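**Student:** following is a predicted model, sequence given first.
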Amino acid sequence: MYRIGILDIERSQESDIKLEPWQTDTCVGDWFYHVKTEYKKPGHVIEILIDIIAKNGNLLLNIPQKSDVTIDDECKYILQEMAKWIRVCEEGVYGTRPFRVSGEGLSRVVIDHFTEDRVAWNASDFRFTQKGNTLYAFQMRWPEDHRAVIRSLTPADQVKSVRLLGAGEVPFEQLYGALVVSLPDRRPTPYVNCLAIEL
């Protein structure tokens, strides 16, 4: 019934990939400015964005303005941190489409209207997008052992190269149904990092 427009979900989202594009609209805090509002952290907003785009969704993010139409320092900080992150990971965001699965790992966003609690992601949680022959794998937490292990590829998915966005090519092995990537000691961004996997 929503084909005349777009499905818009306020402060929640879909549980998996939808055939039709859809949208979440949410805010970094309250819809309107209040000096005592507690804002989401930049990493939380980035994680929400990644989980949504992996499911064929779009994020409409409200930034509340003060009465003089300026934004406060905390909102500026959130936007600045998101801008730094997008400069590193934009290749995996802009112009991408969903992969055949939205992700892998056991952690999930709680789908309950007006619930946006931060997920306790771990290093085995990934969210995927794709563009052409490139699969983008967002590792939701940086692994302590500096390895990314992806199990969603099939035997037909022969990996040619792997890049860590913001760092360059990284070594990998594809064996026993898993792609194992060796990551550098230093991560390109303190938030979610992204692998570009050429198939």
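**Tutor:** That came through fine. Numbers count the residues shown, from 1 in each chain.
**Student:** nearest residue to the middle of the chain?
**Tutor:** residue 50 (1.7 Å; C-alpha atoms, centre = their mean).
**Student:** for it, give me its contacts.
**Tutor:** 127, 138, 140, 192 (C-beta atoms under 8 Å, 6 or more residues apart in numbering). (C-beta placed from N, C-alpha, C; glycine too.)
**Student:** make sure residue 7 is actually in contact with residue 13.
**Tutor:** No - here residue 7 does not reach residue 13: they are 10.2 Å apart, not a contact under C-beta atoms under 8 Å.
**Student:** which of those two has more neighbours?
**Tutor:** residue 13 (20 against 15; other C-beta atoms under 10 Å).
**Student:** tell me which element the more buried one is part of?
**Tutor:** Residue 13 belongs to no helix or strand when assigned by DSSP states H and E.
**Student:** ok, residue 86 next?
**Tutor:** Here residue 86 is assigned to helix 73-89, by DSSP H and E.
**Student:** what lies in contact with the helix or strand following that helix?
**Tutor:** Where DSSP H and E defines the elements, the next helix or strand beyond helix 73-89 is strand 103-104. Residues from elsewhere that reach strand 103-104 (C-beta under 8 Å, 6+ apart): 51, 54, 124-128, 150-152.
**Student:** repeat that for 7 Å
**Tutor:** 54, 125-128, 150-152 (C-beta atoms under 7 Å, 6 or more residues apart in numbering).
**Student:** try stretch 190-199
**Tutor:** 42-43, 46-47, 50, 85, 89, 91-92, 133-140, 142, 148, 157-165, 181, 187.
**Student:** drop the exposed ones from those and show what's left.
**Tutor:** 42-43, 46-47, 50, 85, 89, 91-92, 134-140, 148, 159, 162-165, 181, 187 (16 or more other C-beta atoms under 10 Å).
**Student:** related to what we said a few turns ago, and the gap between the residue nearest to the centre of the chain and residue 41?
**Tutor:** Counting by C-beta to C-beta, to the nearest Å, the separation of residue 50 from residue 41 is 14 Å.
**Student:** and if you look at residue 51?
**Tutor:** Distance from residue 51 to residue 41, by C-beta to C-beta: 15 Å.
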